[in-house]
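Q: Here's my sequence, what's the structure:
(4 chains)
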2 protein chains.
Amino acid sequence: MNSVSIPITTQGLQVACSACNLRELCMPVGLSDDELERVDTLIGARRKIPRGMPLYLSGESFQSLYAIRTGFFKTEVISEDGREQVTGFQMAGELMGLDGIGTGQHNCDARALEDSEVCVIPFNRLSELSREIDTLQHHFHKVMSREIVRDQAVMMLLGTMRAEERLAAFLVNLSQRFASRGYSATEFNLRMTREEIGSYLGLKLETVSRGLSRLQDEGLLSVSNKNIRIHKLDDLKRAMSPRC
Amino acid sequence: MNSVSIPITTQGLQVACSACNLRELCMPVGLSDDELERVDTLIGARRKIPRGMPLYLSGESFQSLYAIRTGFFKTEVISEDGREQVTGFQMAGELMGLDGIGTGQHNCDARALEDSEVCVIPFNRLSELSREIDTLQHHFHKVMSREIVRDQAVMMLLGTMRAEERLAAFLVNLSQRFASRGYSATEFNLRMTREEIGSYLGLKLETVSRGLSRLQDEGLLSVSNKNIRIHKLDDLKRAMSPRC
DNA sequence: GCTGTTCATTGATTGCGATCAATGCGCGGT
DNA sequence: ACCGCGCATTGATCGCAATCAATGAACAGC
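A: Here you go, the predicted model:
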């Protein structure tokens, strides 16, 4: 436990960015000590979000970005005519709120799928600081760009893949993100319901359920409620491609 | 013709950003004369892209963003397993290439659908200048953010809408973009084929064709090859919503 | 002007995923 | 431990869009 050496604030236990174990995920590398110190001042506060509660809602004024410290979120867009769609699932180290910059209002709901904690990053401060620290500026631009690329990958999934392929792609993606955080790539618990998976993948919950059962029958994985054990990750990756 | 008073360079006829009639579309408003002058230096060159030719291809090293001066483009992602999907259609005043910032490589193909001309914006110069000019920085962040929001809207289209609804949404979107450029909102020529529309909307070309015929039968519009005349824009907007 | 090619339309049929429906399971609350 | 409710699974059927197929229209090249 390194938290004993960390300053305690009114917000509770605080870990500076410079000491955060998620640093490689959400901060640029190669900052000088001086720069790192200034980046530490970026984080305005922490916020704990209990499971089921919103971090922000569509229409709320945009002030800050949020970096997930612990937990799991979904973002969901609700259109004028009442359609809902999950646009993403976010986990530790990922940034939320980028969609609010354009209009000054949040454009989707962000909701915790389990008890979570985020770092609040006031956008004004980030803008200022990124004018002074090239590396930070470039890192921020990269993060936004990667979000665009991620969205394009989802567009391709929704536009061209069949149900089982989408499911395989979804699971492989989760697997990789867990792995890059030091968790098992082959065994994990889903934080979201079948319905939320379906909404994200453009499928109905029954189709998601059937797809998982099918992948299980094929021996690629085992499903037990929210627990997933991937037995043949290679084959699962192959299942993302057509006619195999 | 105001071009007689404009400096001529080796690139041919040049219009400074400060004098460009697309300024409101691709540049921030509220710049001082001094700032405007510096923004003028941003544009490295012009490039003419003949119909069918690529502006850039996936995998090429990313150096610049491109602002469309005239013409019409599509961007297309090609996945490892050979799937292709049109991820967007871009017209005058819109920015292309944002997806390349994250990896340093272009991530999709950008191809001219008609003879086109773009302003080349070296990304390094844009980064530098946006460190000095707050307004420019903020504008750039807004543009990126809006791209994310746009992509999310496409995700919703692909995830939740039926064929005819997608088609209506597509046409209404085109209509609005033409209108905001001073062209007719109700009569325009499509620059892309049915197949390209289908790829963008996650439909087959036959379905696109049938959908257009159906909207025509319903009296909402007339189709004659690539020419579209919208008769009832309000009803077309309503056709975006389920069961009407 | 003719020809070949690309693009578009329309019809017939198929098949995947949606829908409707019933049952089962797990978890939180008391 | 029991109940109640949300969540998940599985089956039966339906319907929309994909697919297969044929024809026609537009357009570029010679």
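Q: so what's the residue nearest the centre of chain A bridging to?
A: Nearest to the mean C-alpha position of chain A, counting by CA atoms, centre = their mean, stands A:Gln90 at 1.6 Å. A:Gln90 forms beta bridges with A:Phe73, as assigned by DSSP bridges.
Q: for chain A, which spans come out with low pLDDT?
A: Chain A contains residues with pLDDT under 70 at A:1-14, A:244.
Q: in the longest helix anywhere in chain A, what's buried?
A: Assignment by DSSP state H gives helix A:134-160 as the longest helix of chain A. The neighbour-count check on helix A:134-160 (16 or more other CB atoms under 10 Å in any protein chain shown) flags A:135-141, A:143-160 as buried. Using the backbone N, CA and C atoms, a C-beta is placed for each residue, glycine as well.
Q: Indicate whether that helix makes contact with DNA strand C.
A: No - using CB under 7 Å from any atom of the strand, helix A:134-160 stays clear of DNA strand C, with a minimum separation of 10.6 Å.
Q: chain center to that helix: distance?
A: Distance of helix A:134-160 from the chain centroid (CA atoms, centre = their mean, to the nearest Å) equals 12 Å.
Q: any residue of whichever helix or strand comes after that helix up close to chain B?
A: Remark: after helix A:134-160, the chain's next helix or strand is helix A:163-179, criterion DSSP states H and E. No - with CB under 8 Å from any CB of the partner chain as the criterion, chain B is not reached by helix A:163-179; the gap is at least 9.3 Å.
Q: Any chance you could list what contacts the helix or strand following helix A:163-179?
A: Following helix A:163-179 in sequence order, the next helix or strand is strand A:187-189 (DSSP H and E). For strand A:187-189, the external contacting residues (CB atoms under 8 Å, 6 or more residues apart in numbering or on different chains) are A:Leu174, A:Ser175, A:Phe178, A:Lys226, A:Asn227, A:Ile228, A:Arg229, A:Ile230.
Q: so, in contact with DNA strand D or not, the longest helix of chain A?
A: No - for helix A:134-160, no contact with DNA strand D is found by CB under 7 Å from any atom of the strand; the gap never falls below 8.9 Å.
Q: Taking helix B:134-160 as reference, get the angle to that helix.
A: 20 degrees (axes from the mean of the first three to the mean of the last three CA atoms, to 10 degrees).
Q: is any part of helix A:134-160 close to chain B?
A: Yes - residues of helix A:134-160 are located near chain B by CB under 8 Å from any CB, namely A:134, A:137-138, A:141-149, A:151-156, A:158-160.
Q: Repeat that for stretch A:39-50.
A: No - Stretch A:39-50 is not in contact with chain B by CB under 8 Å from any CB; minimum separation 15.7 Å.
Q: Show me which positions of that stretch end up buried.
A: A:Val39, A:Asp40, A:Leu42, A:Ile43, A:Arg46, A:Ile49.
Q: With respect to B:Phe123, which of those residues is nearest?
A: Of all these, B:Phe123 sits closest to A:Val39, with 22.7 Å by CB to CB.
Q: who touches the closest one in this structure?
A: A:Cys17, A:Ser18, A:Met27, A:Leu31, A:Leu129, A:Ile133, A:Leu136.
Q: Kindly supply the ChimeraX command isolating those of those that are buried.
A: Those of the contacts of A:Val39 that count as buried under 16+ other CB under 10 Å are selected in ChimeraX with:
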select /A:17,27,31,129,133,136
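Q: from the contacts of A:Val39, which ones fall inside strands?
A: Nothing among the contacts of A:Val39 maps onto strands, per DSSP state E.
Q: just to revisit the earlier point, take the contacts of strand A:187-189 and write them to TSV, including distance to DNA strand D and neighbour count.
A: As requested, these are exported to TSV (distance: CB to the nearest atom of the strand, whole Å; neighbours: other CB atoms under 10 Å in any protein chain shown):
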residue	distance to DNA strand D	neighbour count
A:Leu174	14	20
A:Ser175	18	22
A:Phe178	18	17
A:Lys226	6	12
A:Asn227	10	11
A:Ile228	10	20
A:Arg229	13	13
A:Ile230	15	21
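Q: Can you add distance to A:Glu117 and give these back as JSON lines?
A: Below are the contacts of strand A:187-189 laid out as JSON lines (distance: CB to CB, whole Å):
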{"residue": "A:Leu174", "distance to A:Glu117": "21"}
{"residue": "A:Ser175", "distance to A:Glu117": "24"}
{"residue": "A:Phe178", "distance to A:Glu117": "18"}
{"residue": "A:Lys226", "distance to A:Glu117": "21"}
{"residue": "A:Asn227", "distance to A:Glu117": "24"}
{"residue": "A:Ile228", "distance to A:Glu117": "24"}
{"residue": "A:Arg229", "distance to A:Glu117": "28"}
{"residue": "A:Ile230", "distance to A:Glu117": "28"}
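Q: Chain A against DNA strand D: which residues are in contact?
A: A:190, A:193-195, A:205-206, A:208-210, A:212-213, A:223, A:225-226.
Q: which residue ranges form the helices in chain A?
A: A:23-26, A:33-40, A:123-132, A:134-160, A:163-179, A:194-201, A:205-217, A:233-238.
Q: Show me what the fifth one is in contact with.
A: Helix A:163-179 is contacted from outside by A:89, A:91, A:157-158, A:161, A:184-186, A:188, A:190, A:197, A:200-203, A:207-208, A:210-212, A:214-215, A:221, A:228, A:230, A:233, A:236-237, A:239-242, using CB under 8 Å, 6+ apart.
Q: Sort out which residues of that helix are buried, please.
A: A:163-175, A:177-178.
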